[in-house]
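**Q** Fold the stuff below for me.
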Amino acid sequence: MSFFDTRVGTMSPNSQLEHEKRVRREIANSNERRRMQSINTGFQSLKQLIPHSCGEKLSK
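**A** Model (predicted):
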């Protein structure tokens, strides 16, 4: 049993719903941050593979 499960039993239905929404939003935000970090890491890896001059900045 998690902290979430034990806490929900003592809350009113309205505050329980708000708590569940907040927890779901935090999880979604965390997943989105992880997804964006993965994408950025992939682009960094690709950037290293593209040939370019030393003094020349790569364009977007």
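
**Q** check contacts around the spatially most central residue of the chain.
**A** By Cα atoms, centre = their mean, the chain has its centre lying nearest to Arg33, at 2.4 Å. With contacts defined as Cβ atoms under 8 Å, 6 or more residues apart in numbering, Arg33 has no neighbours. C-beta coordinates here come from the backbone N, C-alpha and C atoms, glycine included.

**Q** Name the SS class of Asn23, please.
**A** Slight slip there: residue 23 is Val, not Asn. helix (DSSP: H, G, I helix; E, B strand; the rest coil).

**Q** For it, the count of nearby residues, please.
**A** Residues near Val23, counting by other Cβ atoms under 10 Å, number 12.

**Q** cool, and Gln16?
**A** Counted with other Cβ under 10 Å, residues neighbouring Gln16 total 14.

**Q** Distance-wise, check it relative to Val23.
**A** 11 Å (Cβ to Cβ, to the nearest Å).

**Q** Ok, Ser12 next?
**A** 16 Å.

**Q** again, but for Thr10
**A** Distance from Thr10 to Val23, counting by Cβ to Cβ: 16 Å.

**Q** that older thread, before we move on, what SS does the residue nearest to the centre of the chain have?
**A** helix.

**Q** Give me the pLDDT for it.
**A** pLDDT for Arg33: 99.

**Q** Which stretches in this structure count as helices?
**A** Along the chain, the segments classed as helices by DSSP state H run 3-8, 13-49.

**Q** and Ser59, which of the ones you listed is closest to it?
**A** Proximity to Ser59 (Cβ to Cβ) singles out helix 13-49 among the helices of the chain, at 11.4 Å.
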